[in-house]
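**Student:** pasting a predicted model and its sequence here:
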Amino acid sequence: MIKLIKRHPVISICLFTAFMLLPNLKVLDVSIMEARNFITAREMVQDGNWLLTTMNGEPRYEKPPLPTWLTAVSGLLFGIKSTFALRLPAILFIMILGVSIFKISMLLVKDTTQSLQHAFIAITSFYIIAITIEAPWDIFTHGFMCVAIYQLFLLFEKNKSYWKHSFLAGCFIGFSFLSKGPVSMYALMLPFLLAYGFVFKYKNVKAKAFSFLSVIVLALVVGGWWYLYVRYQDPDTFHAITDKETSNWSSYNIRPFYYYWSFFTQSGLWTIPAFISLLYPYLKTRVNHLKGYQFSLLWTLLAVLLLSLIPEKKSRYLMPVLIPLAINIGFYIDYLIRRFNTLTDKRETFPVYVHFGLIACIGLAFPILGYVFLKDAITSHLVSYILASIVLFGLGLSMLAYLRQKNIRMVFRLTILFFAGVILTVLPLSKGVTNEQYQSISNLKTELEAEGLKLYAENYVSPEMLWYYGDKIPFISLYDEETKMPKESRFGLLSKDPLKEKTLNRLETDFEIKKLRTYNLNRFPSDSKPYNDRLLNVFYIFERK
């Protein structure tokens, strides 16, 4: 099996990603960022809004359309209502990201085994996986940029036959820009260019000057045409959205400069190795490719520094840092694989035992932890619980056995399998957490259509609620006495909160108002931290007297 993986590394990365992520792709509820993307994709398909993109019928130019196009095409092929279909492109981009990291690593170390280790560390880093649900645009923009960086690397290294790389680099930079603007250019490509210049030095710059210019021109054309089109077709809305987005960078989610200094924890399973891999004085004499390590370390630190300079900060903005960090971690893991069985200094061995031992102990403890977590729901998820317990307990036991033998190569492989095991067997158990007040809105559209009623919304309806409803919902304001009420004699209304008594008294002069139910998309109980009032809407029927 190992020989087969080494013989077909790209296929192995893709198959592992598919095996790990596709079976449970529909398990998690649609997040707020996903809902926005999916609604825009749905309106592309249903209304033909492929260029002047919309959400709930309103212009949505905040995000460029390329990821949504890919999502919409997947929806056309496999069903626009299918969560699996709409999430599939993001999973494909995890594969692209993993393969790109493998290819970049091959240029650095020229070793298939080590490069595979770098790729598998990346695709088992917590936030690289989580970002596909929390913010679908990010995986697209950084996936495209990883391909562009690989092509730029080849362009920098080659002395001839590099025009293909210029063309591909320019196109994929443009694709990245068409996915989320300049985000990846700043957070991923710029630190790459700086790190490459410091470590490897740019060679034959004059001879390649026209190629570099071609890359820039291609990137501007491929990435910029949509912005120009929207600016020409809908200039007022475009300028309003641009001004708002620009001001957010300096006035929204402001965090101190040091906010990102714990960035290595975003790698999740690899937190301790990630931290140790940043200790240059310790590793500089232990890695097998010093320049490659210097490059990945500098790339990582420069990315963190550049992101720290921007006042607006969110944890998910750190995702591009995990790409060079995965390579950096790989150099430390490779050192452990080569030398751990001969190490005697407890300062070196203790963190390794703590890190992998902790993961193993989590596996051993899972049968108890899972039972405590599920409690009364254990009977309805018994098969999943037993499967998860067997898989994680077995992997944990094996990890401890190989750790005792100081066989870090096998411990590393089992850690990769442990992560995949959690995704495959534990994720379905999330359905065991129930909220008795949960009530989906997914049937409301069908119910209203059967009665010939139109639905309106007052105040606020979350993107998730809009997505699960399945159609656009016009907004009205009941608290503005000058607002014109819908012309229909009978209609439905969603309100963020129960209507105030004063408003009800005013409206009841013309309408008979019935409060029917409260839609609640919270999977967690109201006394838990994940509970969010944003996922509540009260449903009324209005009928003219």
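**Tutor:** Noted; the coordinates are in hand.

**Student:** the closest residue to Pro23 other than its chain neighbours: neighbour count?
**Tutor:** Excluding the flanking residues, the one nearest Pro23 by Cβ to Cβ, 6 or more residues apart in numbering is Leu424, at 6.2 Å. Heads up, the C-betas are built off the backbone N, CA and C, glycines and all. Neighbourhood size, Leu424 [other Cβ atoms under 10 Å]: 19.

**Student:** residues in contact with Leu424?
**Tutor:** By Cβ atoms under 8 Å, 6 or more residues apart in numbering, Leu424 lies in contact with 19-20, 23-24, 391.

**Student:** which among those residues end up buried?
**Tutor:** 20, 24, 391 (16 or more other Cβ atoms under 10 Å).

**Student:** could you measure from the nearest residue to the second one once chain neighbours are set aside over to Asn288?
**Tutor:** Nearest-residue entry for Asn24: Leu427, 4.7 Å, with adjacent residues in sequence omitted and distances by Cβ to Cβ, 6+ apart. In this structure, Leu427 and Asn288 are separated by 36 Å, where distance is defined by Cβ to Cβ, to the nearest Å.

**Student:** with Phe156 instead?
**Tutor:** 22 Å.

**Student:** more crowded one of the two?
**Tutor:** Neighbours per residue, other Cβ under 10 Å: of Phe156 and Asn288, the larger number sits with Phe156, 22 against 13.

**Student:** the nearest residue to Pro67 once chain neighbours are set aside: which element?
**Tutor:** Excluding the flanking residues, the one nearest Pro67 by Cβ to Cβ, 6+ apart is Phe140, at 4.1 Å. Element membership for Phe140, per DSSP states H and E: helix 136-157.

**Student:** name the helices or strands packed onto that helix?
**Tutor:** helix 32-47, helix 66-78, helix 83-109, helix 126-134, helix 163-180, helix 183-184, helix 190-199, helix 209-233 (3 or more Cβ pairs under 8 Å, 6 or more residues apart in numbering; DSSP states H and E).

**Student:** the longest one: what's the following helix or strand?
**Tutor:** Sequence-wise, the next helix or strand downstream of helix 83-109 (DSSP H and E) is helix 112-123.

**Student:** off-centre distance for that following helix?
**Tutor:** Here the centre of helix 112-123 is set off from its chain's centre by 20 Å, with Cα atoms, centre = their mean, to the nearest Å.

**Student:** average pLDDT across it?
**Tutor:** Helix 112-123 carries an average pLDDT of 96.

**Student:** using CSV, write out every CA atom in it.
**Tutor:** Extracted C-alpha coordinates of helix 112-123, given in CSV (Å, rounded to 0.1, in the frame of the first residue of the first chain):
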residue,chain,number,x,y,z
THR,A,112,8.2,12.0,-2.6
THR,A,113,7.8,10.6,0.9
GLN,A,114,8.6,13.8,2.6
SER,A,115,6.5,15.9,0.2
LEU,A,116,3.5,13.5,0.8
GLN,A,117,4.0,14.1,4.5
HIS,A,118,3.7,17.9,4.0
ALA,A,119,0.5,17.4,1.9
PHE,A,120,-1.2,15.1,4.4
ILE,A,121,-0.3,17.5,7.3
ALA,A,122,-2.0,20.3,5.3
ILE,A,123,-5.2,18.4,4.6
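
**Student:** contacts for it, please.
**Tutor:** For helix 112-123, using Cβ under 8 Å, 6+ apart, the contacting residues are 5-6, 9, 12-13, 16-17, 20, 94, 97-99, 101-103, 105-106, 108-109, 128-129, 267, 270, 288, 322-323, 326-327, 329-330, 333-334, 412, 416.

**Student:** report the angle between it and helix 126-134.
**Tutor:** 50 degrees (axes from the mean of the first three to the mean of the last three Cα atoms, to 10 degrees).

**Student:** what comes up buried for helix 112-123?
**Tutor:** In helix 112-123, counting by 16+ other Cβ under 10 Å, buried: 114-123.

**Student:** flag the shaky bits of this structure, pLDDT-wise.
**Tutor:** Within the chain, the segments meeting pLDDT under 70 span 135, 245-252, 376-377, 432-433, 481.

**Student:** residues in contact with the spatially most central residue of it?
**Tutor:** For the chain, the residue nearest the mean C-alpha position is Ile131 (1.6 Å; Cα atoms, centre = their mean). Ile131 makes contact with 138-139, 316, 319, according to Cβ under 8 Å, 6+ apart.

**Student:** list only those of these flagged as buried.
**Tutor:** Taking 16+ other Cβ under 10 Å as the criterion, what is buried in the contacts of Ile131 is 138-139, 319.

**Student:** related to what we said a few turns ago, would CSV of the contacts of Ile131 with distance to His165 be doable?
**Tutor:** Listed next are the contacts of Ile131 as CSV, based on distance: Cβ to Cβ, whole Å:
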residue, distance to His165
Asp138, 25
Ile139, 24
Arg316, 31
Met319, 26
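
**Student:** between those, which sits nearest Arg523?
**Tutor:** Arg316 (20.9 Å; Cβ to Cβ).
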